[in-house]
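# For reference, the sequence and a predicted model appear below.
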Amino acid sequence: MSAKWSEMSGEERYRVVELARSGTVSMSELCESFAVTRQTLSRAMEKAEAAARTALEPGKPGRKGKSEEEERITELSKRQSSLEKEVESWKTRYAVMKRFADLARKQVEGEEGKVVRLDQKKRRRRSSSGKLLARRDGAGVAGDGDGGGAGDRGGEPAAVGEAEGDAEE
């Protein structure tokens, strides 16, 4: 029973080629033993010689660089990691801002049990005693020099309930 060339591994084929090169066994005997044509065996010998020359060519010193595909995979992995971190950061920011909004809503709703519009709340000031005073934008504050103050108290702003047209809704 003879081994067929088509069923042989690369290493086994290389050994047959080496036998043919060494000349210890004739080409015709090798072709008959391994069911291969003379032309196929000759081509295999040429390929082995060409591969040996290529393998012995001097190359660039150092390790081979990554292929373009490997570099792209590395780049995409880094980008994905960066984006995942950014998503987590935004999730945290969202949770914090949502909590601030909830707290502000509770504070606005909790004031005397009434709901006050935020634009109204922002325009009002409180005195050190906690009494609600006139608006911050200057409207209704006495002593502005324009004569349109909210009562004459020697430069003190009037309490909101005392200022004209500034009653709570």
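Thanks, I have the structure now. Numbering: from 1, shown residues only.
# Give me the mean pLDDT for the helix or strand Ile73 falls within.
Taking DSSP states H and E as the definition, one finds Ile73 inside helix 68-110. Average pLDDT, helix 68-110: 92.
# which other helices and strands contact it?
helix 118-122 (3 or more Cβ pairs under 8 Å, 6 or more residues apart in numbering; DSSP states H and E). Yep, even glycine has a C-beta here, placed from its N, CA and C like the rest.
# what's stretch 69-80 in contact with?
Lys66 (Cβ atoms under 8 Å, 6 or more residues apart in numbering).
# so Leu19 sits in a helix?
Yes: counting by DSSP: H, G, I helix; E, B strand; the rest coil, Leu19 is found in a helix.
# tell me, how many neighbours does it end up with?
17 (other Cβ atoms under 10 Å).
# residues contacting it?
Contacts of Leu19 (Cβ under 8 Å, 6+ apart): 25, 30.
# From the recorded domain assignment, give the ranges for this protein.
5-56, 68-111, 116-169 (automatic domain parsing).
# for the first one, what is the average pLDDT?
Averaging pLDDT along domain 5-56 yields 89.
# how long is it from one end to the other?
Its first and final residues considered, domain 5-56 spans 27 Å by Cα to Cα, to the nearest Å.
# my read is Leu30 is in a helix, agree?
Yes: assessed by three-state DSSP, Leu30 belongs to a helix.
# Could you find the closest non-adjacent residue to it?
Ala20 (5.6 Å; Cβ to Cβ, 6 or more residues apart in numbering).
# Around the one you found, how many other residues sit close by?
For Ala20, using other Cβ under 10 Å, the count is 21.
# Kindly report the same for Glu57.
For Glu57, using other Cβ under 10 Å, the count is 6.
# That one and Gly23: what is the separation?
Going from Glu57 to Gly23 by Cβ to Cβ, to the nearest Å gives 27 Å.
# Please name the spatially closest residue to Ala35 (chain neighbours excluded).
Nearest to Ala35 is Lys4, by Cβ to Cβ, 6+ apart, at 4.5 Å.
# and that neighbour, how many neighbours does it have?
Lys4 has 10 neighbours, counted by other Cβ under 10 Å.
# what do you get for Ser26?
Other residues close to Ser26 by other Cβ under 10 Å number 11.
# Ramachandran coordinates for it?
Here is the backbone geometry of Ser26 (degrees, to the nearest 10): phi -70, psi 160.
# Pull up the gap between it and Glu86, please.
72 Å.
# next one: Glu12
Counting by Cβ to Cβ, the gap from Glu12 to Glu86 is 56 Å.
# The two: which is more packed in?
Glu12 (13 against 10).
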